[in-house]
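Asks: I need the structure of the sequence given here:
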Amino acid sequence: MAKGKILITGGTGYIGSHTAVELIQAGYEVEILDNLANSKESVLDKIAEITGVKPRFYKVDMTDLTALEKVLKKGDFQAVIHFAGLKAVAESVEQPLRYYAVNLESTITLLKCMLKYGVSKLIFSSSATVYGDQKAPLDETLPTGAGISNPYGRTKFMIEEIIKDVCVANPGFSATILRYFNPIGAHPSGLIGEDPNGRPNNLMPIIMKVAAGEIPELSIYGNDYDTVDGTCVRDYIHVVDLAKGHVAALEAMNDERRLQVYNLGSGRGVSVMEMVKAFSKVSGKALPYKVVERRAGDLAEVYANPSRAGRELGWKTELNINDAMRDTLQFLEKRNG
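Replies: Numbering: from 1, shown residues only. Got it, this is the predicted structure:
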């Protein structure tokens, strides 16, 4: 008997697909909604290969109210986990209106449908970018919204505020906001991982494309930051640990604690240069790179204080960057045959 039915928006994407696997393995029934703008439908078969269950799939653009209503109306969902949205920091600086339109409109449309059809629990995929340029380690008591350096981060902040307002206005509605740091890695089966359509924006898939010879070298954006080696420092979290955080958050939701916010990170900062060295150590290959100018919107140092999630959800990271490198290499080997 399944624990309940969960709808995952953006569920064929990187984090969504890993969360689908962990939910199925934890005994939930999972259905997935995605427009496939930055993912592939074949991921559903990979989820089935790992879990023995192929989730029901809806190809829907979340800004389409009529199409989304059809899914929510007949779904009988216990909760929605909302990943869908545009997520590249640098692209958001170049295309702010697109980011505001897509990310805000899709979430508002989802919330309207959830309220209309009595789906009362939401887990939202937010980001550490909401903290702006504050001194790490970052914890949930810090103010958010000021000093955010890019439109992507501002959309996450705005959506958090919208969700808080919806919780205030609707006493039966509960939400958990999860602020991610930097997800990396792949499922240990090697069947699913970060495989964006087109040119990747995140560090790990770029490293892997350089390793595969698809990109000539890694561009390191600045080595003059006030960090351990001058390159940007981030809190890299294995995607399997992150996915398990969603299961823990879902299982902790109740009607008394209607709005919760948690950081999901390792609590450790790792520089871009340290990531390059870790890749070389795990793969046995040197990685060609060049240092270029700083990138618009990048902060020097961002890492979490994840202790609240440890206390209240019983969750902490179990895997490290070497595990993530190993699993990503295995994913690429399987993908490339």
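
Asks: can you tell me how far the closest residue to Ala136 other than its chain neighbours sits from Gly198?
Replies: With C-beta to C-beta, 6 or more residues apart in numbering as the criterion, Ala136 has its nearest non-adjacent residue at 4.7 Å, and that residue is Tyr303. C-beta here means a position set from N, CA and C on the backbone, and glycine is covered the same way. Distance of Tyr303 to Gly198, computed by C-beta to C-beta, to the nearest Å: 29 Å.

Asks: which one of the two has more residues nearby?
Replies: Under the criterion of other C-beta atoms under 10 Å, the comparison of Tyr303 against Gly198 puts Tyr303 first, with 22 against 6.

Asks: With adjacent residues omitted, what lies nearest to Ala296?
Replies: Nearest non-adjacent residue to Ala296 (C-beta to C-beta, 6+ apart): Val93, at 5.0 Å.

Asks: and after the helix or strand hosting that neighbour, which helix or strand comes next?
Replies: Val93 belongs to helix 89-94 when assigned by DSSP states H and E. On the C-terminal side of helix 89-94, the closest following helix or strand by DSSP H and E is helix 96-116.

Asks: So which bits of that next one are buried?
Replies: Applying a neighbour-count criterion of 16 or more other C-beta atoms under 10 Å, one finds 99-100, 102-104, 106-111, 113-115 buried in helix 96-116.

Asks: what's the answer for stretch 74-88, then?
Replies: Quick answer for stretch 74-88 (16+ other C-beta under 10 Å): 75, 77-88.

Asks: ok, residues contacting that stretch?
Replies: Residues outside stretch 74-88 that contact it (C-beta atoms under 8 Å, 6 or more residues apart in numbering): 3-11, 13, 15-16, 19, 31, 33-35, 62, 92, 98-99, 102-103, 106-107, 110, 114, 117, 119, 121-125, 152, 155, 201, 246, 250, 253.

Asks: Rounded mean pLDDT for it, please.
Replies: Stretch 74-88 comes out with an average pLDDT of 94.

Asks: mind listing the helices for this protein?
Replies: Using DSSP state H, the helices of the chain run over 14-25, 43-51, 65-75, 89-94, 96-116, 151-169, 203-211, 239-252, 272-283, 307-313, 321-335.

Asks: before we move on, back to that, so the residue nearest to Ala136 touches Asn263, yeah?
Replies: No - using C-beta atoms under 8 Å, Tyr303 is not in contact with Asn263, being 9.6 Å away.

Asks: thinking again about what came up before, ranking the helices of the chain by mean neighbour count, which comes first?
Replies: Most buried of these by mean neighbour count (mean count of other C-beta atoms under 10 Å) is helix 14-25; its value is a mean of 25.

Asks: Next, the angle helix 203-211 makes with that helix.
Replies: Note on geometry: by axes from the mean of the first three to the mean of the last three C-alpha atoms, to 10 degrees, helix 14-25 and helix 203-211 are set 110 degrees apart in direction.

Asks: starting at the chain centroid, how far to helix 14-25?
Replies: Relative to its chain's centre, helix 14-25 lies at 11 Å (C-alpha atoms, centre = their mean, to the nearest Å).

Asks: Repeat that for stretch 231-240.
Replies: That offset, for stretch 231-240, works out to 12 Å (C-alpha atoms, centre = their mean).

Asks: what mean pLDDT does it have?
Replies: pLDDT averaged over stretch 231-240 gives 97.

Asks: cool, stretch 176-184 as well?
Replies: According to the model, stretch 176-184 has a mean pLDDT of 97.

Asks: swap in stretch 108-124?
Replies: What stretch 108-124 shows for mean pLDDT is 97.

Asks: which residues are in contact with that stretch?
Replies: Contacts for stretch 108-124 (C-beta under 8 Å, 6+ apart): 7, 9, 62-65, 68-69, 71-73, 75, 77-82, 107, 159-160, 162-163, 166, 170, 172-178, 246, 249-250, 253.
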